[in-house]
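Peer 1: Sharing a model that was predicted from the sequence below.
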Amino acid sequence: MKVTVVGAGAVGASCAEYIAMKNFCSEVVLVDIKEGFAEGKAMDLMQTASLNGFDTKITGTTGDYSKTAGSHVAVITSGIPRKPGMTREELIGINAGIVKDVTANLVKHSPEVIIIVVSNPMDTMAYLVHKTSGLPKHKIIGMGGALDSARFKYRLAEALEAPISDVDGMVIAAHSDTGMLPLLSKATRNGVPVTEFLDDEQQKYVIEETKVGGATLTKLLGTSAWYAPGAAVSVMVQAIACDQKKMIPCSLMLEGEYGQNDICLGVPAIIGANGVEKIVNVTLTADEQLKFAEAAKAVREVNGDLKF
């Protein structure tokens, strides 16, 4: 199992680190355009191998995609990071060109690759990969829902004053501050609906803090987060590599599911060796259906700025 991570910045390096430490693949290749950067990150990470007990080989390259040949999974993290005050949607002009070029190079050398898109605006970048790569839809996955769901569970555990292992919940719709849809109606603590523990004010707090989870970290850090995004990617890559059939919310091309067509949005899906094994249709409340449709409308507006 060979995995490529494009972009050796904080997010990409975290992806490579978490994947390597889990010891489920043979090689991780880091790619970056900055001379020597990916090679340096790879060397630094390899020097932790004996300390962290993994045997995964990590290599780096400056833009030589021939070294990614035969990759089973590729993760695209490249693009400029979101800066304080910048929306994900504002990133589209720059990042679309980067993602399109990266995708072409990946598919050229690994025609059977499964691509996980991290670059923002993520739903739109995943849509771009669908429209330009020639890959079947089950091989293109946007990461956002896995990360947003982790942030949702963090806020739920905080409000419940419970260990996070007690908590389950997921976020669907768009990977944006306004389009994110935390499914409070489905969230549980050990199988008991969280609405039985949290009052209306606490529920509102959890939802709003989840939706601005990325922006909150950007304000604190001065750049985008990287630990949780890297961990979210590693979970998705492992689900593919180990054929785990895990249900993970992620941004997928919809063809009638949830009342939407020709758009990538976050929905729960079974992820296994073939990538997306199945989209899971869950029953939404009337209010959730409305918010999902509103998120779709906003994403379509951003998609309209794409130039294929």
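Peer 2: That came in fine, so what should we check first?
Peer 1: nearest residue to residue 254 other than its sequence neighbours?
Peer 2: residue 260 (4.4 Å; C-beta to C-beta, 6 or more residues apart in numbering). In this view, the C-beta of every residue, glycine as well, is placed from N, C-alpha and C.
Peer 1: Give me the distance between that neighbour and residue 120.
Peer 2: For residue 260, the distance to residue 120 equals 20 Å [C-beta to C-beta, to the nearest Å].
Peer 1: And for residue 47, the neighbour number?
Peer 2: 10 (other C-beta atoms under 10 Å).
Peer 1: got the contact list for it?
Peer 2: Listed by C-beta atoms under 8 Å, 6 or more residues apart in numbering, residue 47 has no contact partners.
Peer 1: That one and residue 17: what is the separation?
Peer 2: Using C-beta to C-beta, residue 47 is found at 12 Å from residue 17.
Peer 1: Residue 93 too?
Peer 2: On the measure of C-beta to C-beta, residue 93 and residue 17 end up 30 Å apart.
Peer 1: Neighbour count: the two, which is higher?
Peer 2: Taking other C-beta under 10 Å, residue 93 and residue 17 do not tie; residue 17 has more neighbours (25 against 11).
Peer 1: My reading is that that one is in a helix; is that accurate?
Peer 2: Yes. Secondary structure of residue 17 (DSSP: H, G, I helix; E, B strand; the rest coil): part of a helix.
Peer 1: Tell me the gap between the strand or helix carrying residue 38 and the middle of its chain.
Peer 2: If you go by DSSP states H and E, residue 38 is part of helix 37-46. From the chain centre to the centre of helix 37-46 is a distance of 23 Å (C-alpha atoms, centre = their mean, to the nearest Å).
Peer 1: The closest residue to residue 249 other than its chain neighbours sits in which helix or strand?
Peer 2: Using C-beta to C-beta, 6+ apart and skipping residues adjacent in sequence, the residue nearest residue 249 is residue 145, 3.0 Å away. Secondary structure from DSSP H and E places residue 145 in helix 144-160.
Peer 1: Off-centre distance for that helix?
Peer 2: 14 Å.
Peer 1: which element follows that helix toward the C-terminus?
Peer 2: Trace forward from helix 144-160 with DSSP H and E and the next one is strand 167-168.
Peer 1: I'd like the average pLDDT over stretch 263-276.
Peer 2: Across stretch 263-276, pLDDT averages out at 98.
Peer 1: before we move on, back to that, do me a favour and average the pLDDT over the helix holding residue 145.
Peer 2: Average pLDDT, helix 144-160: 98.
Peer 1: can you pull the alpha-carbon coordinates of that helix into CSV?
Peer 2: These are the backbone C-alpha positions of helix 144-160, laid out as CSV (Å, rounded to 0.1, in the frame of the first residue of the first chain):
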residue,chain,number,x,y,z
GLY,A,144,-14.4,17.8,5.4
GLY,A,145,-17.1,15.8,7.1
ALA,A,146,-14.7,13.6,9.1
LEU,A,147,-13.0,16.7,10.5
ASP,A,148,-16.2,18.6,11.2
SER,A,149,-17.6,15.6,13.0
ALA,A,150,-14.6,15.3,15.2
ARG,A,151,-15.0,19.0,16.1
PHE,A,152,-18.7,18.4,16.8
LYS,A,153,-17.9,15.5,19.2
TYR,A,154,-15.3,17.6,20.9
ARG,A,155,-17.9,20.3,21.6
LEU,A,156,-20.5,17.8,22.6
ALA,A,157,-18.2,16.2,25.1
GLU,A,158,-17.3,19.6,26.5
ALA,A,159,-21.0,20.5,27.0
LEU,A,160,-21.9,17.1,28.4
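Peer 1: buried stuff in it?
Peer 2: 144-157, 159-160 (16 or more other C-beta atoms under 10 Å).
Peer 1: Tell me where this structure has strands.
Peer 2: Under the criterion DSSP state E, the chain contains strands at 2-6, 27-32, 57-62, 73-76, 114-117, 140-142, 167-168, 171-173, 180-182, 188-189, 192-193, 246-255, 261-272, 275-279.
Peer 1: Bridge partners for residue 272, pull those for me.
Peer 2: In this entry, residue 272 is beta-bridged to residue 275, by DSSP bridges.
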